[in-house]
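S.K.: Structure of the sequence below:
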Amino acid sequence: MLIGMGAYRTIVVGTDGSDTSFLAVDRAGAVAADSDALLLIVTAYEPEPVDQRAADALGNEAYQIVGTAPAESVVRRARERAITAGARQIETVAVQGKPVDVLRQVAADRGADLLVVGSVGLNTLAGRILGSVPAGVARRAGIDVLIVHTT
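M.R.: Numbering: from 1, shown residues only. Next comes the predicted model:
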């Protein structure tokens, strides 16, 4: 439980289905358990095929799931991890769009007071040039952000 500030009530965590993003889900699940908070597990997806050359060049920094079926599978697996971490109130959300925009919008729409993301891409060349999800969230969230060290 947080002392002085009170517990978080609604926590948003972003995941793209990668092992590192699931570490952020684990941490968010533990924080949600400690705060008895609602945990919203969010993934952004793109319905149209991405340029495969761009995806190959970015590798694990592409951060984009293609199609609704894979997105639903990702949030289902993340939910299982959050339950294992102790979270009791969990909802999953798959939204079409860019990850930073989706995470910010869901957090705003649901009145979240904490947004959790993994650190992948934060200190990479591609992240510095193209902008990483954790950096974008930290700059633009408007609420507390927990960047979980996942690398």
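S.K.: Point out where the chain drops to low pLDDT.
M.R.: The chain contains residues with pLDDT under 70 at 1-6, 48-68, 121-131.
S.K.: Pull up the gap between Ala85 and Arg79, please.
M.R.: The gap separating Ala85 from Arg79 is 11 Å, by Cβ to Cβ, to the nearest Å. (C-beta placed from N, C-alpha, C; glycine too.)
S.K.: ugh, wrong one, I meant Val12
M.R.: Using Cβ to Cβ, Val12 is found at 14 Å from Arg79.
S.K.: Comparing these two, which residue is more hemmed in?
M.R.: More neighbours surround Val12 than the other of Val12 and Arg79, with 31 against 19 (other Cβ atoms under 10 Å).
S.K.: So the more buried one sits against Val106, correct?
M.R.: Yes. With contact defined as Cβ atoms under 8 Å, Val12 reaches Val106; the gap is 5.7 Å.
S.K.: Between the two, which contacts overlap?
M.R.: Listed contacts common to Val12 and Val106 are 40, 42, 112; contacts here mean Cβ atoms under 8 Å, 6 or more residues apart in numbering.
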